[in-house]
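Peer 1: sequence below, structure please.
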Amino acid sequence: WSKEMYNIFKRNPAKGVPSLKEFFEYIHPDDRNKVMEAHERVAKFGEEYTGEYRTNPEHGEMRIISLQFFPEKDKSGKITKFIGTSRDITERKKAEEKLLRSEKQYRLIAENTSDIIWIMDLNLYKYTYMSPSVIRLRGFTAKQAINQSFGDSGSSASLEYLNRVIPERIKEFKAGEKKV
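Peer 2: So this is what the prediction gives:
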């Protein structure tokens, strides 16, 4: 075991490397069978395993671990040992969950407002998102509207205004100015 493994599992290095049975006790009870079955498949069929599991909260703070292990074989094909890596990915998982919640909140707002919300690729001047409210104001579904050109989506006065204002706003944004 590495120093990081002892840290992840809050195991005293003086106790040495745990037995396989002890190691499985460090795995969350709901994830334990999955990891045990994976270990058996690696041992029996020589498969590589990549997966995730949670640590057992009885041994400290619950963490999410990315695990990869595979057998090392001798010349005759007999498995001589297992080599693996475990990496604490708890913070990454928390960030992913936070981003997912944020995206759900944004989508809830965007899809239930009466205003049209749109996102455009400014390099292509092509819409990449159009809120469903477009049908009430323009008579097109979001799917239809997203496929329209920028020029087809507004009056000539509106397009003239946007062609002037969008580059200004981008410049201000890049400069760190905050305008409403």
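Peer 1: what's the burial count for Pro13?
Peer 2: Using other C-beta atoms under 10 Å, Pro13 has 11 other residues around it. C-betas here are computed from N, CA, C, even on glycine.
Peer 1: residues contacting it?
Peer 2: Neighbouring residues of Pro13 by C-beta atoms under 8 Å, 6 or more residues apart in numbering: Trp1, Lys3, Tyr6.
Peer 1: and those, which is closest to Ala175?
Peer 2: Lys3 (45.9 Å; C-beta to C-beta).
Peer 1: what's the helix or strand for Phe70?
Peer 2: Here Phe70, judged by DSSP states H and E, is contained in strand 64-73.
Peer 1: so which elements touch that strand?
Peer 2: Applying 3 or more C-beta pairs under 8 Å, 6 or more residues apart in numbering; DSSP states H and E, one finds that strand 64-73 contacts helix 29-45, strand 49-54, strand 79-88.
Peer 1: at 6 Å instead, please
Peer 2: Applying 3 or more C-beta pairs under 6 Å, 6 or more residues apart in numbering; DSSP states H and E, one finds that strand 64-73 makes contact with strand 49-54, strand 79-88.
Peer 1: let's have the ones you listed in CSV, adding mean pLDDT, distance to Phe23 and mean neighbour count.
Peer 2: Shown next, in CSV, are those (pLDDT from 0 to 100; distance: least, C-beta to C-beta, whole Å; neighbours: other C-beta atoms under 10 Å):
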stretch, mean pLDDT, distance to Phe23, mean neighbour count
strand 49-54, 94, 11, 16
strand 79-88, 89, 10, 13
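Peer 1: mind checking which of those strands is nearest Ile27?
Peer 2: Closest of the helices and strands packed on strand 64-73 to Ile27 is strand 49-54, at 5.4 Å (criterion: C-beta to C-beta).
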